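Visitor: Generate coordinates for the sequence data below:
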Amino acid sequence: MATQITPSSPARESADGLAPQGIAPKGRVHWNYVAPELIESAIRRGEGTLADMGPFVAVTSPHTGRSPNDKFVVKEPASEADVDWGKVNQPISPEHWATLKADVQQYLNGLDDLYVQDLYCGADPSTRLSVRYVLPNAWHAAFVRNMFIRPDIAELAQFAPNFTVYHAPEMQADPAKHGTRTGTFIVLNLAERAILIGGTRYAGELKKAMFTVMNYLLPKQGVLSMHCSANIGADGDTALFFGLSGTGKTTLSADPERGLIGDDEHGWSAEGTFNFEGGCYAKVINLSPDSEPDIFATTQMFGTILENVVLHQPARTVDFGSQSITENTRASYPLPYIKNHVPSGRGGHPKNVVFLTADAFGVLPPIARLTPEQAMYYFLSGYTAKVAGTERGVTEPQATFSACFGAVFLVWHPTKYAEMLGALLREHGSQVWLVNTGWSGGPYGVGKRMKLSYTRAMVRAALGGAIDGTEYQADPVFGLQIPQWIPDVPGEVLDPRGTWANPGEYDVQAQKLAAMFRENIKKFGDAVSPSILAAGPRG
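Guide: Have a look, this model is predicted:
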């Protein structure tokens, strides 16, 4: 006889039900299902399919990346003076919020099934949020359960949410009625401590919306919020890896020789660093067991969620090389699926900080040591290339500047985060490195992407102190200190100009990128000190 899914134990249900969320559902509410229950429900409901070895596969088309132009922040008195209003933080009125929230609640009330997940955001108990997700799909519930910190079942009856996320992926907003741009909406109300997400099935919105919230709340408490991964060595040395999606945060932090604290979002407080999440959300395009064995292993496990990957039929094996749905294919898995993870999600003050950039111009060195002033300049610049598929409409890498390596997730003005980082770097004596995981020997379309094996060797040498005493040479355009020797890396790779067939063409491209840096930094005006401005590329 087949095993039947039974109603959730009362111990997993809030005593107040969903009344605090303004929801009186007509259908069933599935409280805090664990992964097997959620995957069983998702299969039964036809939300996706199981692939070979057990991961669940969902397709989110037409949205296969974030929709940053559809994200809004409610303009209300409590937070209005704090928010850096503009293209990133688009204002929406309290009246439009109230109308949209009521319609989302009505929509959720009318569904036959709702899934509730009560989770923590933040591994530091003194600053973490208790977040209640209300969702119509079992697989989205499995996703957030993977991504955030899971309370013990014994804690759930007393769980008191101080933030709520309402998810309505199939509901379309009415711009005329709700004040949105399109039918898609990600709307944050910092005063009400609530988020509305709808019109998109892309699961990444569920995690990044909470990151935006942490980027607002933590600096108010004197804690720096960071778009970075983190790991820790055998000697207890913590390292941070800043970078936008696709630059290597997840790949480079998943090092079998170091413990993984987390792959994407962290805080830096007076006590050290801590993860916001309890899982990882890795890009898996062209994933292979040879280049990324630990991440590949997670894609062969039950409970992992694979987004927008293509399956070979009838075996249902994953074609990691296929971009027929999107290049932004993803895997969501709990942090313990990485065998050398750090269970506490916490580390010390970082000894090393790595800025990752995917240079589409092919002119930045593969690794360089930064002075404190250069660190602040390149942190504010946040130069990289948007990788195809990460955002809607991006079909090939595009040079971009994203302040603090995550401008689309910031709420305060970028200089607030930069000032906090600068103070922490000075206080703890952290060494900062710039690592180019992008192109060498020419720009995108001509040169080649830097070999992962070389990048790994460079990062390990930097973190392990193997190049502390080597000779360094200043780049003539960018002024960056380039090591002249690194174990297991050919010497010619270290000189970006020497990798080009025509050095004159390199010079043109280098000056072009340098000019872009100088133009970009102007937007911060007088907020950038002369010493930091002087640390940028030379004219």
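
Visitor: Check which helix or strand the residue nearest to Asn215 when sequence neighbours are not counted maps to.
Guide: Spatially, and ignoring its direct neighbours in sequence, Asn215 is nearest to Ser225 (4.6 Å; CB to CB, 6 or more residues apart in numbering). Every C-beta, even on glycine, is put in place using the N, C-alpha and C of the backbone. Following DSSP states H and E, one finds Ser225 within strand 224-232.

Visitor: Tell me if I'm right that Ala360 and Val446 touch.
Guide: No - using CB atoms under 8 Å, Ala360 makes no contact with Val446, being 10.7 Å away.

Visitor: Which neighbouring elements make contact with the helix ranked longest in the chain?
Guide: For the chain, the helix that runs over the most residues, judged by DSSP state H, is helix 503-521. Packed against helix 503-521 by the contact rule (3 or more CB pairs under 8 Å, 6 or more residues apart in numbering; DSSP states H and E) you find helix 372-381, strand 398-401.

Visitor: Run the angle between that helix and helix 372-381 for me.
Guide: 80 degrees (axes from the mean of the first three to the mean of the last three CA atoms, to 10 degrees).

Visitor: what's next to helix 503-521, contact-wise?
Guide: With contacts defined as CB atoms under 8 Å, 6 or more residues apart in numbering, helix 503-521 is touched by 359, 361-364, 377, 380-381, 383, 399, 401, 442-443, 477-478, 496-497, 500, 528, 533, 536-539.

Visitor: In strands, which of the residues you listed appear?
Guide: Residues of the contacts of helix 503-521 located in strands (DSSP state E): 383, 399, 401.

Visitor: Helices of the stretch 351-500 of the chain, start to end?
Guide: 372-381, 414-428, 452-464 (DSSP state H, counting those that start in this stretch).

Visitor: and the angle for the first one with helix 414-428?
Guide: What it means is helix 372-381. 150 degrees.

Visitor: Among the ones in strands among the contacts of helix 503-521, which one lies nearest to Leu188?
Guide: Using CB to CB, Phe401 is the member of those that lies nearest Leu188, at 23.8 Å.

Visitor: Name the residues that touch stretch 51-64?
Guide: So stretch 51-64 is contacted by 39, 42-43, 47-50, 139, 142, 184, 200-203, 299-309, 311, 315-318, 325-326, 328, 331, 389, 392 (CB under 8 Å, 6+ apart).

Visitor: what are the bridge partners for the spatially closest residue to Asn146 that is not a sequence neighbour, then?
Guide: With CB to CB, 6+ apart as the criterion, Asn146 has its nearest non-adjacent residue at 4.2 Å, and that residue is Gly279. Following DSSP bridges, Gly279 is listed with bridge partners Pro334.

Visitor: wait, what's in contact with Gly279?
Guide: 146-148, 332-335.

Visitor: mind checking how far it is from Pro476?
Guide: 44 Å (CB to CB, to the nearest Å).

Visitor: measure Pro476 to Pro496 for me?
Guide: 11 Å.

Visitor: The two: which is more packed in?
Guide: Pro496 (28 against 11; other CB atoms under 10 Å).

Visitor: What is the neighbour count of the residue nearest to the more buried one when sequence neighbours are not counted?
Guide: Nearest in space to Pro496, with sequence neighbours left out and distances taken as CB to CB, 6+ apart, is Pro365 at 5.1 Å. For Pro365, the count of nearby residues is 23 (other CB under 10 Å).

Visitor: ditto for the one 5 residues further on
Guide: Residues within reach of Leu370, counting by other CB under 10 Å, total 22.

Visitor: pLDDT value on Ile5, please?
Guide: Model confidence at Ile5, given as pLDDT, is 52.

Visitor: Equivalent analysis for Ser245, please.
Guide: 76.

Visitor: Would you single out the least confident of the helices and strands packed on helix 503-521?
Guide: strand 398-401 (a mean of 81).

Visitor: Would you check how far apart Ser253 and Thr238 are?
Guide: On the measure of CB to CB, Ser253 and Thr238 end up 11 Å apart.

Visitor: anything in contact with each of those two?
Guide: Counting by CB under 8 Å, 6+ apart, the residues touching both Ser253 and Thr238 are 230-231, 261.

Visitor: Let me have those in a markdown table, adding neighbour count and pLDDT as columns.
Guide: Output for the shared contacts of Ser253 and Thr238, formatted as a markdown table (neighbours: other CB atoms under 10 Å; pLDDT from 0 to 100):
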| residue | neighbour count | pLDDT |
| --- | --- | --- |
| Ala230 | 31 | 97 |
| Asn231 | 25 | 97 |
| Ile261 | 26 | 98 |
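
Visitor: Adding distance to Gly17, write those out as CSV.
Guide: Converted to CSV, these look like this (distance: CB to CB, whole Å):
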residue, distance to Gly17
Ala230, 37
Asn231, 41
Ile261, 36
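
Visitor: Please enumerate the helices of the stretch 1-150 of the chain.
Guide: Using DSSP H, counting those that start in this stretch, helices in the stretch 1-150 of the chain cover 35-44, 94-109, 138-147.

Visitor: Point out the most buried one among those.
Guide: helix 138-147 (a mean of 26; mean count of other CB atoms under 10 Å).

Visitor: Need the residues that contact that helix.
Guide: 30, 33-35, 38-39, 41-42, 45, 47-48, 56, 58, 113, 115-117, 119, 133, 135, 167, 169, 201, 203, 206-207, 277-279, 281, 303-305, 332-334.

Visitor: ok now it, how far from the chain's centre?
Guide: 16 Å (CA atoms, centre = their mean, to the nearest Å).

Visitor: next SSE after it?
Guide: Following helix 138-147 toward the C-terminus (DSSP H and E): strand 163-168.

Visitor: Contacts for that next one next, please.
Guide: So strand 163-168 is contacted by 20-21, 101, 104-105, 107-108, 121, 129-137, 140, 193-199, 206, 209-210, 213 (CB under 8 Å, 6+ apart).

Visitor: Please save the CA atoms from that strand in CSV.
Guide: What follows is strand 163-168 as a C-alpha-only set of coordinates in CSV (Å, rounded to 0.1, in the frame of the first residue of the first chain):
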residue,chain,number,x,y,z
PHE,A,163,9.0,39.2,8.4
THR,A,164,6.6,37.8,5.9
VAL,A,165,7.0,37.0,2.2
TYR,A,166,3.8,36.5,0.2
HIS,A,167,4.4,34.6,-3.1
ALA,A,168,1.9,34.6,-6.0
